[in-house]
Each structure stands twice: as C-alpha cells, then as structure tokens.
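Participant: Got a predicted structure plus its sequence, pasted below:
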Amino acid sequence: MRVLLSTYGSRGDVEPMVGLAVRLRELGAEVRVCAPPDDDFARLLAGVGVPLVPVGPSARALTKAALPASSLPQRAAQLIAGHLEVVTPAAEGCDVLVAAAGLLPAAAGALSVAEKLGIPAVSVAFQQVTLPSPRRRPLEYPGRPLPAEETDNQVLWDLDARNIDALFGEALNANRASVGLPPVAGVRDYVIGGRPWLATDPVLDPWLGTPGLDVVQTGAWIRLDERPLPDDLSAFLEAGEPPVYVGFGSMPLHESRDAGRVAVEAVRAHGRRVLVARGWADLDLIDDRGDCFAVGEANHQALFRRVAAVVHHGGAGTTTTAARAGTPQVVVPQLADQPYWAGRVADLGIGAAHDGPTPTVDSLSAALDTALAPETGVRAKAVADTVRGDGAWVAAKLLLDRA
C-alpha cells in the first residue's frame, strides 16, 4: 500500500504525520510526506527514514514575517497552486491520501489533488477547535472579528463559513478550474467533510459530538522518541534540583518579545533553575548565571520527565507530551487553539492557564504557584496514566482497512 501524508504549518502540524508515517511503515506501507521545506522538518523525517516532498515556502519564514491580514487571499492562492503542482505527482499511484486540516488552503489543495486523481482521502484535525460545535465559538480570522455580543454559536459558525469563503473561496475555485475540477460551494465544509478524523487524546480533548459530523477520534499521533539527551543538557539536569522548562515552540512571539526574560525572572523568584528552549522565537540566556541553560532541539518525551514544570505556548503536541510525562504545566497561549489547550490544562488540574499572551513576572509567578504546588504534581501524574499512546497505531490500521 502507498500512502501520501500532506501537511503544512509548524512543528505541531508535521510531528503527528511523522508518528503516523512510522506506524504505517511498520505495517508494510510505503509512505511519503508533503510538508514545508524547512530544515527542521527535513531532519525530522530523515531521522525516521521517510521521504520528504517539499511544498510551499518555508513555514518558519512565513510565520516570522508577520504579513498583513490583507495578504491572506493572495497567499492562499499561491499555497493552493503550489500544492496542486507538487502534491499531484507525489500522489500518483497512491492508495490513500491524508490531509491535515489545520491550514485550510493547504488542505483544500491536497484534497483537490485526491479528488482529481480519484484517490480516497481523509481529512484530519490535530485539535478540535476548527470543527464546528454548538458548544463553543469559532476562531477568529485576522481582520474578520466575530461580533462579541452574539451568543448563538450556530450563528457564529455560519459566519465563520462565510468568512472562510470570502478569504479562500476564489483562490480555491480558480485553482480547481485550472485542473478541470468543479467549484466547491463552501471551503470549510469541503475540507472537513462529513467524517473527519481527530488526532487528539480523548482525556485531554474530549469530543462531545456535533449533529451531522461523524468525527473519528483516533488518539494523538505520537512518535516514540528514543534519542538520548545531549551530554551537556544531561550534565545540567544532574547538577541540581529539577529545573523549570520554558519554551514557546514555533511561536515567534511578536507580541511578547520580553517573554524569555520575564519567564527566567519568574522561575528564579521560586528558587528554581531554568531551561530555556530557543524555538522559533530564538530565546536565549539573559545572563551568565549558572542556574540557567539554553537548549535547542531535544527529545521532549525524555526531557519533560526530568523537569519540575513546563512553561509553554499551548500547542497540542507540547501539551500532550507534558501531560504524558506527568509534569505540571503553565500555558501562556499566543493564538489559535492555544487558549483552548490552556483551559483544558486548568480544567484537568494539571497546571495553570495564564491569562493572555503577554506575561509579567508577577502574573507568571502566580501561575507557577499553581503548577509547582504538590497537589498539582499529584494530579498531573494521575492524568498521565490515562493518556493513550496508541493513536498512530489506531489511525494506521484504519487507513489499511480503508485502502
């Protein structure tokens, strides 16, 4: 069986596809991944022996560029065109295509390729907040705020569909016409379909159902990471009490440029050592004191088990990894689904949700009070025992059955 996995975005959009690719290969499938051409992703896929088919511009460069909202339709058109050009030859001869639905134009382009070639396709979300639900408001798109006074979520989801069509509909249908495909009436519904997959843990992210939407929740797609920690990092960990990890992953922190300094000072106020993860924000040490260590790429599955708490942005992958490690969290959400994950961490009692994306020393220190409390550690360890690790296996077997 030949499978093509298509995704576009940050590490949180690529890492789950790697986890699925590994399991598919173990079941005898031939797998390729279409993803952004960033060196981080190339190394990640090369490390597990899965070919990367580069598509689109660098995701890191695009994220750090902070382009205006007015450029969204133009960027969508370019992204869709790029996917039609690259994904089409990559998908020829495949038995099934899996498209990550996080960035709608990219997913729409990949799914259009599957439609053109007559290949079965699956749309997957790595968080549920983009799936219509009567229980919550949709996310807002830049330049298209939702009316604050509107309390009927169905009205807001209808407006969300119209906003998406206004931003991406023309770009998608013009590109579809160029390859002989008919127009779609609604971009969001085309991408999600009637039976989307949700690759998240049901304890951390319980799906409560939406009429007319048959969601298949597989569990999170996790790649078992067996890499040892670097020697200098291991030495720092062994030189004292467990430190607090501070990292914001793929977030450039345009609105929180001082977050690194604030985090270090807040952690030090608790008498703790600090691990600063550089990430896409290029965080670094603020002085040469020996209680602080800067880390680049590392095995988070191993590292998070050796720290006192994890301060992060609230990406689905980081939240899940910290939860599986049984380590308390402080989530400082920046955008998109991150406030949702912050709320889930707080609701489960496994950490604290910071109010807003821009912490101060006092506000972050207060959140650390909660995360470092003994009862939070006990609760985090209890929840860790309930978080599944077999989501990629479940999805791989479903794909085999479908093909």
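Facilitator: Sure thing, it's come through. Here the structure is a predicted model, which is why all the values come from computation and not from measurement.
Participant: any weak-confidence spans in this structure?
Facilitator: Residues of the chain meeting the criterion pLDDT under 70: 254-257.
Participant: Tell me where it has strands.
Facilitator: Remark: strands assigned in the chain by DSSP state E are 2-6, 30-35, 52-54, 96-100, 121-125, 197-198, 216-217, 244-246, 274-277, 292-295, 309-312, 329-331, 351-353.
Participant: For those strands, give me JSON lines that also has distance to residue 263.
Facilitator: The way it works is simple: take the backbone N, C-alpha and C, and place the C-beta from them, glycine included. Formatted as JSON lines, the strands of the chain follow (distance: least, Cβ to Cβ, whole Å):
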{"stretch": "strand 2-6", "distance to residue 263": "34"}
{"stretch": "strand 30-35", "distance to residue 263": "30"}
{"stretch": "strand 52-54", "distance to residue 263": "33"}
{"stretch": "strand 96-100", "distance to residue 263": "30"}
{"stretch": "strand 121-125", "distance to residue 263": "30"}
{"stretch": "strand 197-198", "distance to residue 263": "31"}
{"stretch": "strand 216-217", "distance to residue 263": "33"}
{"stretch": "strand 244-246", "distance to residue 263": "4"}
{"stretch": "strand 274-277", "distance to residue 263": "7"}
{"stretch": "strand 292-295", "distance to residue 263": "10"}
{"stretch": "strand 309-312", "distance to residue 263": "6"}
{"stretch": "strand 329-331", "distance to residue 263": "9"}
{"stretch": "strand 351-353", "distance to residue 263": "13"}
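Participant: Would you mind giving those strands as a markdown table with mean neighbour count added?
Facilitator: Converted to a markdown table, these look like this (neighbours: other Cβ atoms under 10 Å):
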| stretch | mean neighbour count |
| --- | --- |
| strand 2-6 | 25 |
| strand 30-35 | 24 |
| strand 52-54 | 18 |
| strand 96-100 | 25 |
| strand 121-125 | 22 |
| strand 197-198 | 23 |
| strand 216-217 | 17 |
| strand 244-246 | 27 |
| strand 274-277 | 24 |
| strand 292-295 | 18 |
| strand 309-312 | 30 |
| strand 329-331 | 31 |
| strand 351-353 | 27 |
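Participant: Could you list the domains of the protein?
Facilitator: Using automatic domain parsing, the domain ranges for the chain come out as 2-220+389-402, 231-384.
Participant: Sort out which residues of the longest helix seen in the chain are buried, please.
Facilitator: Under DSSP state H, the helix in the chain containing the largest number of residues is helix 72-91. Under the neighbour-count criterion of 16 or more other Cβ atoms under 10 Å, helix 72-91 has 72-73, 75-84, 86-88, 90-91 buried.
Participant: what's the angle between it and strand 30-35?
Facilitator: 160 degrees (axes from the mean of the first three to the mean of the last three Cα atoms, to 10 degrees).
Participant: so what secondary structure elements neighbour helix 72-91?
Facilitator: With contacts defined as 3 or more Cβ pairs under 8 Å, 6 or more residues apart in numbering; DSSP states H and E, helix 72-91 has these neighbours: strand 2-6, strand 30-35, strand 52-54, helix 104-117, helix 170-178.
Participant: and the angle for it with strand 2-6?
Facilitator: Going by the same axes, to 10 degrees, helix 72-91 makes 170 degrees with strand 2-6.
Participant: List of residues touching helix 72-91?
Facilitator: 4, 6, 8, 32, 34, 53-56, 62, 67, 97, 103, 105-106, 108-110, 112-114, 116-117, 119, 141-143, 167-168, 170-172, 174-175, 178-179 (Cβ atoms under 8 Å, 6 or more residues apart in numbering).
Participant: and what of stretch 334-353?
Facilitator: So stretch 334-353 is contacted by 127-130, 136, 139, 203-205, 248, 251, 253, 255-256, 309-310, 313-316, 319, 322-323, 328-333, 354, 357, 367-368, 370-371, 375-376, 379-380, 383 (Cβ under 8 Å, 6+ apart).
Participant: just the buried members of the residues you listed?
Facilitator: In the contacts of stretch 334-353, burial by neighbour count holds for 127-130, 203-205, 248, 251, 253, 256, 309-310, 313-316, 319, 322-323, 328-333, 354, 357, 367-368, 370-371, 376, 379-380, 383, counting by 16+ other Cβ under 10 Å.
Participant: residues in contact with residue 242?
Facilitator: Contact partners of residue 242, counting by Cβ under 8 Å, 6+ apart, are 273, 306, 307, 308.
Participant: and it, how far is that from residue 71?
Facilitator: 44 Å (Cβ to Cβ, to the nearest Å).
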